[in-house]
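**Q** my questions are about this predicted structure, shown below with the sequence.
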Amino acid sequence: MNIFDLYQTKITKLVKSANQNKLIENIDNIEKTNVDLPPKHFDCDISTNVAMILAKNNNTSPIKISEILITLFKKDFSEIQDISFAKPGFINIKFKLSFWNNFLKELINDKNFGKNNNIINKSYLLEFVSANPTGPLHVGHCRGAILGDVLANLLLFNNHTVNKEYYVNDYGNQILYFTKSVYYRIREKLYNEPFPKDNKDLYPGDYLINIASNIINKNNNLNFDNFNEISTELTKLSVQESLNLIKLNLNNLGISHDKFISETDLVNNQEVEKVIEKLKKKDFVYNGKIKAPENEKNSNWVERDQLLFKSTYFGDDKDRALQKEDKSWTYFASDTAYHNNKVERKFDVLINILGADHAGYIKRITSVVEALSGEKNKLICKVSQLVKLIKDNKPFKMSKRKGDYITIEDLIEEVGKDATRFIMLSRSSDVEIDFDFTKVKEKSKDNPLYYVQYCYARISSVFRNAQLKLENNIVIDKFNFNYSKDEIKIIKKISEWPKCIDIATNRLEPHRIPVYLYELASDFHSYWNMGKDDQSKRFLTKENKISNEKKVFLKAISNVIKTGMSIIGVSTPDKM
RNA sequence: GCGCCUGUAGCUCAAUUGGAUAGAGCGCUUGGCUACGGACCAGGAGGUUCUGGGUUCGACUCCUAGCAGGCGCACCA
């Protein structure tokens, strides 16, 4: 139950009937009203701006409107204890205890408390990670990976359908160089030939040695004497080995995709030609030249005639190349084919999670999706900003070349899966994260993750001491508890949970969940410590018994913590 | 030069789609453990929300013009 939505509906209804009874003449902008949380220093529970909204069109003052509405409220809503007007025009409502008792009664055994049951379910295609299959993932990749995974969890929690996909860029020059690198490592192993370290195009990382060994061991029928003869086969094997590493990384982070889509397959199945025909028919493809960029280092700019997509039509800076000089497809062309494939599968919404370094790509890919689907905003691109690594108080630049980078394996080993997920999620994805590797290791004790987990562990401990099981449903007939002000404060916080989920889902901003959970945990710890001075705030009696009132209170808190933590994909241990 | 992101307390960040007196953590500072687990809590100091203009009853939030930092700007992927 979202009490804010509930009251929004109630208020709208009330205003409409006031309108029919000629009490309020003009209610055109009734949609603009909202129901919100009042500031802390007001002794009330919810607040609405409806009087200010209606005052304008009716050419009157908010106080006049509020007088009418308050009278109606008092008549119709028995759960209201107090309702008042506050400058500059808010109506503040305070509920009776019975309201909060009913609220708890509804959510106490509801494992899905927070879910919005009123929204229309949609089908989503969520593409994320999609890192090149040329080696294991590094720390930079994992932010987007976690973001995507949690977005999927959020959408699923709200009953949407979600397909999680990984687009495998196993086509093009990078893959050719990667395969060649593997080839040289194989020759190094078999024939003792030194790896050409001065070739800047090759991948020097040590992990290639393992990949090479694996390929040799699994394929003793292959002849490695001539690269050209085995290049197709070797590409496949090398990509496969890379993907195994990547899947292992993702698995360590608790992430799994439903589907891996191969770029090579799309190209081999003529999907690129198909989509270009489709775009040509709509007159979005032509042969032409691109203008040189206006930066300084364009002295060696070569103007070429190329097959171009008319992305300027959709507001892009320039049209984008689909074909290279040698007539092979650009990355953008095959990605267009992939997105056409997505469009043809008829999802309601497409979402791509991109790293900040690919943000410049968004305009052209959303343009092409609009061209193909005829729908604006069919594709939503979510950018995850950089993770700035800091080591020993210095920025730490990762370099694959030097073998100087932090892998996901390092990270999980040092920090742990749960802490990694929690930290990566606790900031808005629009903001860069400082990830101080040294500090996170040292200070893992005062990590916000533990603060929230500790809350759950404390509640578990109370139930354990009372010989009860926290996960069992609570069976109580009468909810007429006399909660104190400090308890109501936490119950009110719980009532914000559905709103938090709503906003996080609608705006695709999962960071709101760890932020909320931290606040809830903070309120709880604060209450817990009150028990030291005040017997009535202790959960257990001397005989280790717990009252129904306290049982319900704790269960409600633990439900929200548990649900929230499972959405962000971290554990809630009973003991720490 | 252009595009995207960011600019809030000394530092790292929140701020419920435009609400009322802008909140946390760290750091600084004063207190609290014969414990329902102190991985905790209570208090204090700390703000011209980068700047100017605009819209609005109301702006950290929207518009506009700047300033500063980050990322990107070819046929790489």
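**A** Arrived safely, thanks for sending.

**Q** from here on, just use CA atoms for contacts and neighbour counts.
**A** Noted.

**Q** can you tell me, leaving aside adjacent residues, what's nearest to the closest residue to RNA strand B within the stretch 51-200 of chain A?
**A** Nearest residue of the stretch 51-200 of chain A to RNA strand B (CA to the nearest atom of the strand) works out as residue A:172 at 3.2 Å. Excluding the flanking residues, the one nearest residue A:172 by CA to CA, 6 or more residues apart in numbering is residue A:331, at 7.6 Å.

**Q** for that neighbour, give its distance to RNA strand B.
**A** Counting by CA to the nearest atom of the strand, to the nearest Å, the separation of residue A:331 from RNA strand B is 4 Å.

**Q** need the pLDDT of that residue.
**A** Listed pLDDT for residue A:331 reads 95.

**Q** one more: residue A:403?
**A** 59.

**Q** same check on residue A:399?
**A** 63.

**Q** which element, helix or strand, includes the residue nearest the centre of chain A?
**A** Residue closest to the average C-alpha location in chain A (CA atoms, centre = their mean): residue A:151, at 3.4 Å. Per DSSP states H and E, residue A:151 falls inside helix A:139-157.

**Q** so what's the residue lying farthest from the centre of chain A up against?
**A** Note on chain A: the largest C-alpha distance from the chain mean falls to residue A:191, namely 48.3 Å (CA atoms, centre = their mean). Residue A:191 sits next to no residue when contact means CA atoms under 8 Å, 6 or more residues apart in numbering.

**Q** residue ranges with poor pLDDT in chain A?
**A** Along chain A, segments meeting pLDDT under 70 span A:295-299, A:398-404, A:442-444.

**Q** can you give the domain ranges for it?
**A** Here the domain parsing of chain A from automatic domain parsing is A:3-95, A:447-567.

**Q** need the residues of the stretch 451-576 of chain A near RNA strand B, please.
**A** The stretch 451-576 of chain A comes close to RNA strand B at residues A:451, A:454, A:457-458, A:461-462, A:465, A:496, A:499-500, A:502-503, A:506-507, A:512, A:515, A:519, A:522-523, A:525-526, A:528-532, A:537-540, A:574-576, as judged by CA under 7 Å from any atom of the strand.

**Q** just these: which are in helices?
**A** A:451, A:454, A:457-458, A:461-462, A:465, A:499-500, A:502-503, A:506, A:512, A:515, A:519, A:522-523, A:525-526, A:528-530 (DSSP state H).

**Q** filter those residues down to the buried ones.
**A** A:451, A:454, A:457-458, A:461-462, A:499-500, A:502, A:512, A:515, A:522-523, A:525, A:528 (16 or more other CA atoms under 10 Å).

**Q** about what we covered before: the helix holding residue A:151 and RNA strand B, any residue contact?
**A** No - if you take CA under 7 Å from any atom of the strand as the test, helix A:139-157 misses RNA strand B, and the best it gets is 11.9 Å.

**Q** check stretch A:369-389 too.
**A** Yes - on the criterion CA under 7 Å from any atom of the strand, stretch A:369-389 is in touch with RNA strand B at A:385-386.

**Q** buried ones in that stretch?
**A** A:369-373, A:378-389.

**Q** which ones among these map onto strands?
**A** Residues of these located in strands (DSSP state E): A:379-384, A:387-389.

**Q** how about those residues in a markdown table, adding distance to residue A:321?
**A** Conversion of these to a markdown table gives the following (distance: CA to CA, whole Å):
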| residue | distance to residue A:321 |
| --- | --- |
| A:379 | 20 |
| A:380 | 22 |
| A:381 | 21 |
| A:382 | 23 |
| A:383 | 23 |
| A:384 | 26 |
| A:387 | 30 |
| A:388 | 32 |
| A:389 | 34 |
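
**Q** I'd like to know which of these is nearest to RNA strand B.
**A** Comparing those against RNA strand B with CA to the nearest atom of the strand places residue A:383 closest, at 7.5 Å.

**Q** how distant is the helix or strand just after the helix holding residue A:151 from the center of its chain?
**A** Counting by DSSP H and E, the next helix or strand C-terminal to helix A:139-157 is strand A:161-168. The chain centre lies 14 Å from the centre of strand A:161-168; the measure is CA atoms, centre = their mean, to the nearest Å.

**Q** strand A:161-168 to helix A:139-157, inter-axis angle?
**A** 160 degrees (axes from the mean of the first three to the mean of the last three CA atoms, to 10 degrees).

**Q** strand A:161-168 vs RNA strand B: in contact?
**A** No - Strand A:161-168 lies out of reach of RNA strand B by CA under 7 Å from any atom of the strand, never closer than 7.7 Å.

**Q** so which bits of the helix or strand just after that strand are buried?
**A** Counting by DSSP H and E, the element after strand A:161-168 in chain order, helix or strand, is helix A:173-191. Judged by neighbour count using 16+ other CA under 10 Å, the buried positions of helix A:173-191 are A:174-189.

**Q** is the longest helix along chain A in proximity to RNA strand B?
**A** Counting residues, the longest helix in chain A under DSSP H turns out to be helix A:227-252. No - on the criterion CA under 7 Å from any atom of the strand, helix A:227-252 is out of touch with RNA strand B, staying 11.5 Å away.

**Q** in that helix, which residues are buried?
**A** Result for helix A:227-252 [16+ other CA under 10 Å]: buried residues A:231, A:234-235, A:237-243, A:245-250, A:252.

**Q** kindly report the residues of the stretch 251-400 of chain A close to RNA strand B.
**A** Taking CA under 7 Å from any atom of the strand, the part of the stretch 251-400 of chain A that reaches RNA strand B is made up of A:290, A:292-295, A:298, A:300-302, A:304, A:317, A:320-326, A:330-332, A:356-361, A:385-386.

**Q** what lies in contact with stretch A:424-432?
**A** A:143, A:146-147, A:383-388, A:433, A:509-515, A:568.

**Q** kindly recompute the last result at 7 Å.
**A** Stretch A:424-432 is contacted from outside by A:143, A:147, A:383-388, A:509-511, A:514-515, using CA atoms under 7 Å, 6 or more residues apart in numbering.

**Q** and for stretch A:342-351?
**A** Here stretch A:342-351 makes contact (CA under 7 Å, 6+ apart) with A:122-127, A:373, A:378-381.

**Q** in PDB, please show the C-alpha coordinates belonging to that stretch.
**A** Provided in PDB are the C-alpha atoms of stretch A:342-351 (Å, rounded to 0.1, in the frame of the first residue of the first chain):
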ATOM      1  CA  LYS A 342      15.500  -5.900 -30.900                       C
ATOM      2  CA  VAL A 343      12.700  -3.800 -32.500                       C
ATOM      3  CA  GLU A 344      11.400  -6.800 -34.500                       C
ATOM      4  CA  ARG A 345      11.100  -8.800 -31.300                       C
ATOM      5  CA  LYS A 346       8.400  -6.300 -30.200                       C
ATOM      6  CA  PHE A 347       9.500  -5.300 -26.700                       C
ATOM      7  CA  ASP A 348       7.700  -2.300 -25.200                       C
ATOM      8  CA  VAL A 349      10.900  -0.700 -24.000                       C
ATOM      9  CA  LEU A 350      14.600  -1.100 -24.900                       C
ATOM     10  CA  ILE A 351      17.200  -0.100 -22.400                       C
END
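
**Q** got phi/psi on residue A:10?
**A** Torsion angles at residue A:10 (phi, psi; degrees, to the nearest 10) stand at phi -60, psi -40.

**Q** just the endpoints, please. Distance across stretch A:303-318?
**A** 14 Å (CA to CA, to the nearest Å).

**Q** now do the buried residues in it.
**A** Quick answer for stretch A:303-318 (16+ other CA under 10 Å): A:306-311, A:314, A:316, A:318.
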